[in-house]
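Colleague: Sequence first, predicted model second:
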Amino acid sequence: MPADQLSKTFKALADPTRRAILARLQLGEVSVLELAKPFDMSLPAISQHLKVLENAGLVARSREAQWRPCRLDAAKLKQATEWLDEYRRFWDGSFDRLDRYLAKSQTKNRKDKA
Amino acid sequence: MSKVKASTPADQPTVTFEREFAAPPEAVFGAYRDPDALKEWYGPDGFTITIIAMDFRVGGLLRFTMHGPDGTDYPNRIMYRDIVPGARIAYRHDSDVDDDPRGFEVTVTFAPAGAGRTLLTMCSTFPSIEARNAVMKFGAVELGMQTVEKLAAYVKG
């Protein structure tokens, strides 16, 4: 995933209102009006949050229907999670190799001293 | 079974890996400091690295290219922020571009763990606790999603 995309995903997820919006959208498509109902927030404020989620690719808005329903786009979230898994796998592998390298060089040191 | 223990403290925006090595702290530290050693162990099996420049001192840079098993090259840059010989290295890691949003702050500590052994702790800092949680699997649970796969399936459906 390109660097700026990952950063956008992180940033979009950092806000509790935006995470609540994502949780709501998990249940299905809704209009902005309906989405705003449970929040103690103005419609423009909710729209602003939606814009951040849209820019991060986490939410898509249909252009077909006039009420422009919002829906969750989980692909980017999945990419961010996979990226973290990869990071862990990367270090798992590196540390295994470091372990083998150290075993080899420790043995060599002992031989050199002997 | 992985020998690496990963942890995510509730009050810090970090991901920490811990791993023990059967070598003293000086030796493990040495494997980070010596470019020939780095070439031998950095990256999982199948990866190789080419070191372009290494200036191991506070403010100095390590620039290297990582070659993936599929032939993809990844530029890397490390800027050393703090070095305590045999004990600690702190650095910023990015992909060799300025203001890289994917850059990470990393601290590696080498602690004695009994006769000739070392406990290595690698701590990477995220932009915020919430951002870290949200990308972790348990962050997905917080959102009411059991797994990210379930989420993906939902979107497809």
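Modeller: Perfect, thanks for sending it.

Colleague: per-residue confidence at the residue of chain A found nearest chain B?
Modeller: Using C-beta to the nearest C-beta, A:Gly93 is the residue of chain A that sits closest to chain B, at 2.4 Å. Bear in mind the C-beta positions are built from the backbone N, C-alpha and C, glycine included. With respect to pLDDT, A:Gly93 scores 90.

Colleague: contacting residues for the nearest residue to it once chain neighbours are set aside?
Modeller: Ranked by C-beta to C-beta, 6 or more residues apart in numbering or on different chains and with sequence neighbours excluded, the top spatial neighbour of A:Gly93 is B:Pro44, at 2.4 Å. B:Pro44 makes contacts with A:Arg89, A:Phe90, A:Asp92, A:Gly93, A:Ser94, A:Asp96, A:Arg97, as judged by C-beta atoms under 8 Å, 6 or more residues apart in numbering or on different chains.

Colleague: what's the average pLDDT for stretch B:78-88?
Modeller: According to the model, stretch B:78-88 has a mean pLDDT of 97.

Colleague: Going by neighbour count, which residues in that stretch are buried?
Modeller: Going by neighbour count (16 or more other C-beta atoms under 10 Å in any protein chain shown), the buried part of stretch B:78-88 is B:Ile78, B:Met79, B:Tyr80, B:Ile83, B:Arg88.

Colleague: from those residues, which is closest to chain A?
Modeller: Using C-beta to the nearest C-beta, the buried residues of stretch B:78-88 come closest to chain A at B:Ile78, 13.8 Å.

Colleague: Tell me which helix or strand residue 111 sits in.
Modeller: I went with chain A, as the question did not name one. According to DSSP states H and E, A:Lys111 maps onto helix A:75-113.

Colleague: The intended chain is chain B.
Modeller: Take DSSP H and E as the rule and B:Ala111 turns out to sit in strand B:104-112.

Colleague: Mind giving me the packing neighbours of the helix holding A:Lys111?
Modeller: Under the contact criterion of 3 or more C-beta pairs under 8 Å, 6 or more residues apart in numbering or on different chains; DSSP states H and E, helix A:75-113 touches helix A:3-13, strand B:14-21, helix B:25-33, helix B:35-41, strand B:118-125, helix B:129-135, helix B:137-142, helix B:148-156.

Colleague: returning to that earlier point: give me the buried subset of the contacts of B:Pro44.
Modeller: A:Asp92, A:Gly93, A:Ser94, A:Asp96, A:Arg97.

Colleague: can you pull the contacts of the second one?
Modeller: By C-beta under 8 Å, 6+ apart, the residues touching A:Gly93 are B:Gly43, B:Pro44, B:Asp45, B:Phe47.

Colleague: what two of those residues have the greatest distance between them?
Modeller: B:Gly43 and B:Asp45 (8.3 Å; C-beta to C-beta).

Colleague: which residues do the two both contact?
Modeller: A:Gly93, A:Arg97.

Colleague: more crowded one of the two?
Modeller: Each of B:Gly43 and B:Asp45 has its neighbours counted (other C-beta atoms under 10 Å in any protein chain shown); B:Gly43 has more, 22 against 9.

Colleague: for B:His93, phi and psi?
Modeller: phi -120, psi 120 (degrees, to the nearest 10).

Colleague: Pairing partners for it in the sheet, please.
Modeller: Note on B:His93: beta-bridge partners B:Ile78, B:Phe104, judged by DSSP bridges.

Colleague: Point me to the residue of chain B nearest chain A.
Modeller: B:Pro44 (2.4 Å).

Colleague: On the three-state scheme, that residue is what?
Modeller: Put simply, B:Pro44 is coil when judged by DSSP: H, G, I helix; E, B strand; the rest coil.

Colleague: got it, and the one 5 residues further on?
Modeller: On the three-state scheme (three-state DSSP), B:Ile49 is labelled strand.
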